Structure formats: C-alpha cells, structure tokens
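> return atomic coordinates for the entry below.
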Amino acid sequence: MLADPRHSRVVLLNLARGSVAGGAEAFAIRCFEALALLPICRDLLGAPLIAFGEYQPGSLSEEVAAAIEHFQSEALSPWRDPAFAAHLADADVGIVFLGGLYLEEDVLIAAIESASRGYEVRLLSDLAFARREADRQIVVDRLAHHGIVTTTVRQTLFEWAMACDDRASTLRIQQLLS
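As a prediction, this is how the structure comes out:
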C-alpha cells in the first residue's frame, strides 16, 4: 500500500545529539541533500515534519528548520508525549518515517516501539546517522525482522505524490529531484 502524506509523519530524533563530539554537525553535512528535501515534504505534499529530543534549529538551514515542528519530549519515548499522541490520532496517522541520531540507538528503539504500537514504520536511511557505520546493516536487518522497511526521502516524495494521484505534484517533484 502506498503511504499517503496526509496520514504519514516524518519523525526525526535527536538532531543535535552529540553536538559536543561533532555528531550534529556531521549529521547536517552527511545528510545535507536529504535534509534539503524536507521542506518539499511539508510545502508541496503537506506531510508534517516533527523533531524530538535534542534539537538546535541553528544547525540546519533556515528553510529546513522552519519546516520542522519540535516536541520537547524525550527522543527514546516520543509515543508517551500526550500532545504527540493526540497529534497522531487527530490526523489518523498510520505510517511513521523515522530518522535522526543515532541509528543503532535512539532510532532503533523508537522504530521498534512504533511498530509495537501498530504503526507502519519506515526508516529514512539517508536521514539515519549511525555512530558506528559498521553497525548500519545489522540495524537495518534487525528492523526488517520487525517489518520495518528502509527507504529514502527521495523515494518517499515520489510515493507520496503517487498516493495523492496528483500528476502536477509528481511532475514538480520529478523536476525538483532532477
């Protein structure tokens, strides 16, 4: 089934985690291209972007930071935040796209918890920064064991456009990504 952007959320965890050790800066550099696509998710397709945990908007471009809504809750348990739970329920969210720092820690835990709560979960591999890159495939395999599919922001944009059955949006996304 195609993900519908109106019933999906992009959830980014701890975008500023490890800022003392350079984690946040490394994330912004490595994930620059994918981060730059986030405003398209919100502006063109209406898919909200949410950040949890450690977050410093100044480490992102102004356009990207403006597209993200920040919840003050702990990144390890965003589902326990009543405002977030209400937000998901009000929008009838069924699919959660996850990324952030660190893949083999916070993102792994949040993904498994999301799946256990009945959400379809997709890992945004281009926005999931691993502390140890050597562990990336192990984590992806483990998430797949829980039914969590790996994708990218680019692939998600095309999927959402197809789900909206809006040829103009699909063509616009194709132009933007070319």
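> show me what the strand ranked longest in the chain is packed against.
In the chain, ranked by residue count with DSSP state E as the criterion, the top strand is strand 120-129. Using 3 or more CB pairs under 8 Å, 6 or more residues apart in numbering; DSSP states H and E as the contact criterion, the neighbours of strand 120-129 among helices and strands are helix 23-30, helix 32-43, strand 95-101, helix 108-116, helix 136-145, strand 149-151, helix 153-164. Placement of C-beta: from N, CA and C, glycine included.
> what about Arg42, neighbour count?
When neighbours are counted by other CB atoms under 10 Å, Arg42 registers 18.
> with adjacent residues omitted, what lies nearest to it?
Using CB to CB, 6 or more residues apart in numbering and skipping the chain neighbours, the partner closest in space to Arg42 is Ala67 (4.7 Å).
> what residues sit buried inside stretch 104-123?
Buried residues in stretch 104-123, defined by neighbour count with 16 or more other CB atoms under 10 Å: 104-108, 110-115, 119-123.
> surely Arg30 and Phe129 touch.
Yes - in this structure, Arg30 sits in contact with Phe129. The criterion is CB atoms under 8 Å, and the distance is 6.4 Å.
> more crowded one of these two?
In terms of neighbours (other CB under 10 Å), Phe129 is the more surrounded of Arg30 and Phe129; the figures are 25 against 15.
> so in this protein, where's the weakest helix or strand by average pLDDT?
Using mean pLDDT, DSSP states H and E, helix 23-30 stands out as the lowest-scoring helix or strand of the chain, at a mean of 74.
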